[in-house]
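Novice: just to be clear, the model below is a prediction. Sequence and coordinates:
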Amino acid sequence: MFQIQNQELRPQVTAHLAQTMSLLVMPATEIRQKIRTELANNPALEIVEDHRCPSCGRVISTPGPCPVCSQPFDTQEEDPIVFISSPEDFPASFGKNGLQKSSNEISYDNLAPLVEDLPAFVLRQIAPEIQEEERLIAAHILNNLDDDGLLTVPLEEISQYYHVPLSRVTRVADIIKHAEPAGVGASSPQEALLIQLDILREYTKVPYLAEEAIQIGMKDLSKHSYRKLAKELNTSYDHAQEIAEFIRSNLNPYPGRAYWGDHRQPSKSQTQAYHQPDIILKEVQNSPSRRIIVEIISPYRGTLRINPLFRQAQKQAPDEKSDAWAKDIENASLLIKCLQQRNHTMEQLMTELVKGQRSYILSGDTALLQPQTQADMSGHLGVHESTISRAVSDKSVQLPNRKIIPLKQFFDRSLPIRTTLLRLVENENTPLTDTELAEELSLAGYNIARRTVAKYRAMEGILSSRLRQKI
């Protein structure tokens with residue numbers, strides 16, 4: 001009898017595990033597309049447009065965390081507030097049948113592929129802000145971006161091509177430049193940095209003379225010539241170094257590569273994926289302990305459930321349809337349970353991650369990133385390491401300073417070492433060899449070989465000691 005029970009349960013357990021793992025590895029955009037497909041194909045599944053907590057099912061009157069289940073078990077102020085958020089900012093909305101509501105306007109969300117290229121990603125953001133006839137101008141600008149996200153044609157040329165005033169083209173271009181990633185469509189890396197700096201001022205304190213450093217000291221910044229930069233800005237060496245560190249940590253001269261990869265040595269095989277961040281980290285305003293809010297974006301708006309009318313009809317289904325309808329209900333129930341399990345896993349992961357990386361999250365200083373592996377995290381959560389690997393795969397996180405990074409960066413053990421390496425080079429009086437850098441890193445607590453130093457130096461775009469000597 002027990003053997004029969006195991007045989008009956010095994011297919012359901014296996015299907016549950018397989019689908020949960022499949023959903024866990026997907027970013028929110030891909031899951032949203034999968035749900036749309038299921039809603040279109042499975043009559044047993046429906047979505048109700050209400051605002052409920054995805055974890056406990058309570059109706060929530062206002063956007064934000066559930067007032068009950070999102071509160072940490074430990075009431076210490078340092079513990080993060082973690083919740084699943086309805087994607088209120090997404091342009092797509094579901095109708096009663098789960099598909100996008102009809103509209104006379106073009107749906108850029110439906111036209112977008114699962115992994116969008118940069119022009120499609122930006123166009124979908126700005127579509128509500130521009131007039132119908134301006135969308136051709138926006139598309140023209142976006143299709144003339146280079147791999148770095150910079151505009152390769154003058155706005156005057158676009159104005160003449162469409163026989164419209166230059167002021168109109170400039171207005172569309174400015175809207176594009178202030179979309180995500182910030183600075184896209186700028187005419188130069190310098191302009192991209194200035195746009196990002198202007199946006200960043202709304203959220204954080206910007207070092208004095210940072211704008212001037214970008215305007216007149218780009219060559220000094222790129223060569224790490226901080227003494228020369230200090231002279232140009234008529235300020236101290238320490239302040240010039242502070243400005244350079246802020247710019248390096250928070251701004252990107254190549255906005256087309258703002259989300260993934262390293263702008264110094266981009267991976268040719270890496271897909272450039274542009275989408276809204278999957279997780280948003282914020283700091284609670286006026287919180288003495290600087291409490292962190294973790295908002296995990298739900299892939300869909302509303303509540304997924306079994307259609308009660310379909311369930312009722314299934315009880316009276318004709319014999320030839322009974323099995324098929326029962327299968328539809330089973331598949332819908334399985335999808336709902338797997339999505340709930342995915343959310344629970346992401347909540348557990350982010351709760352533990354934010355506790356351990358609190359200093360880095362609040363400061364954005366990669367030197368404060370605590371070395372951690374996926375194996376360490378799997379041990380903390382009591383799950384298999386492959387579960388953590390799937391959970392961090394292809395996900396992005398927006399830090400409180402609005403910088404967006406891959407979630408897997410939290411598990412890059414080399415990042416604090418590379419940051420320390422950068423600072424050693426920036427502060428050297430005479431260029432240090434790789435062997436000397438290895439010794440200095442050892443004193444800082446990082447015991448790595450000389451050839452590893454050479455590898456990290458190349459990753460950070462640092463020249464050899466011989467070439468640094470010449471400069």
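Specialist: Everything's here; your move.

Novice: now the helices for the stretch 351-471 of the chain?
Specialist: Taking DSSP state H, counting those that start in this stretch as the criterion, the stretch 351-471 of the chain carries its helices at 358-363, 374-381, 385-392, 415-426, 434-443, 450-459, 465-470.

Novice: pLDDT weak spots in the stretch 301-450 of the chain?
Specialist: Within the stretch 301-450 of the chain, the segments meeting pLDDT under 70 span 366-367.

Novice: now Thr373: how far from Ser414?
Specialist: Distance from Thr373 to Ser414, counting by Cβ to Cβ, to the nearest Å: 12 Å. Any C-beta I mention is one placed from the backbone N, CA and C, and that applies to glycine too.

Novice: and if you look at Lys177?
Specialist: Between Lys177 and Ser414 the distance is 33 Å, computed by Cβ to Cβ.

Novice: pick out whichever of the two has more residues nearby.
Specialist: The residue with more neighbours, out of Lys177 and Ser414, is Lys177; 24 against 15, by other Cβ atoms under 10 Å.

Novice: pLDDT value on that one, please?
Specialist: Looking at Lys177, its pLDDT is 91.

Novice: surely it is in contact with Ser188?
Specialist: No: Lys177 is beyond contact range of Ser188, at 11.9 Å (criterion: Cβ atoms under 8 Å).

Novice: next, the distance between the ends of stretch 457-469.
Specialist: In stretch 457-469, first residue to last residue: 15 Å (Cα to Cα, to the nearest Å).

Novice: quick one: buried residues of that stretch?
Specialist: In terms of neighbour count (16 or more other Cβ atoms under 10 Å), stretch 457-469 has its buried residues at 457, 462-463, 465, 468.

Novice: please apply the same query to stretch 124-138.
Specialist: Neighbour-count burial for stretch 124-138 flags 124-127, 130, 134-135, 137-138 (criterion: 16+ other Cβ under 10 Å).

Novice: for it, measure first residue to last.
Specialist: End-to-end span of stretch 124-138 (Cα to Cα): 11 Å.

Novice: now the strands for this structure?
Specialist: For the chain, the strands defined by DSSP state E occupy 45-48, 81-85, 279-283, 292-297, 303-306, 396-398, 404-406.

Novice: quick one: strands adjacent to the first one?
Specialist: Read that as strand 45-48. Here strand 45-48 has these sheet partners by DSSP bridges: strand 303-306 (antiparallel).

Novice: ok, the nearest residue to Ile279 once chain neighbours are set aside to Glu156 distance?
Specialist: Distances taken as Cβ to Cβ, 6 or more residues apart in numbering place Val397 nearest to Ile279, at 4.6 Å, with adjacent residues excluded. Distance check for Val397 against Glu156: by Cβ to Cβ, it reads 39 Å.

Novice: likewise for Leu229?
Specialist: Note on Leu229: its distance to Glu156, by Cβ to Cβ, is 33 Å.

Novice: more neighbours: which of the two?
Specialist: Leu229 (26 against 11).

Novice: need the nearest residue in space to the more buried one, chain neighbours excluded.
Specialist: Nearest residue to Leu229 in three dimensions, chain neighbours excluded: Asp220, at 3.9 Å (Cβ to Cβ, 6+ apart).

Novice: residues contacting the one you found?
Specialist: Counting by Cβ atoms under 8 Å, 6 or more residues apart in numbering, Asp220 makes contact with 226, 228-229, 232.

Novice: picking up where we left off before, wait, the residue nearest to Ile279 touches Lys403, no?
Specialist: No: using Cβ under 8 Å, Val397 makes no contact with Lys403, being 9.2 Å away.

Novice: which of those two has more neighbours?
Specialist: Val397 (24 against 16).
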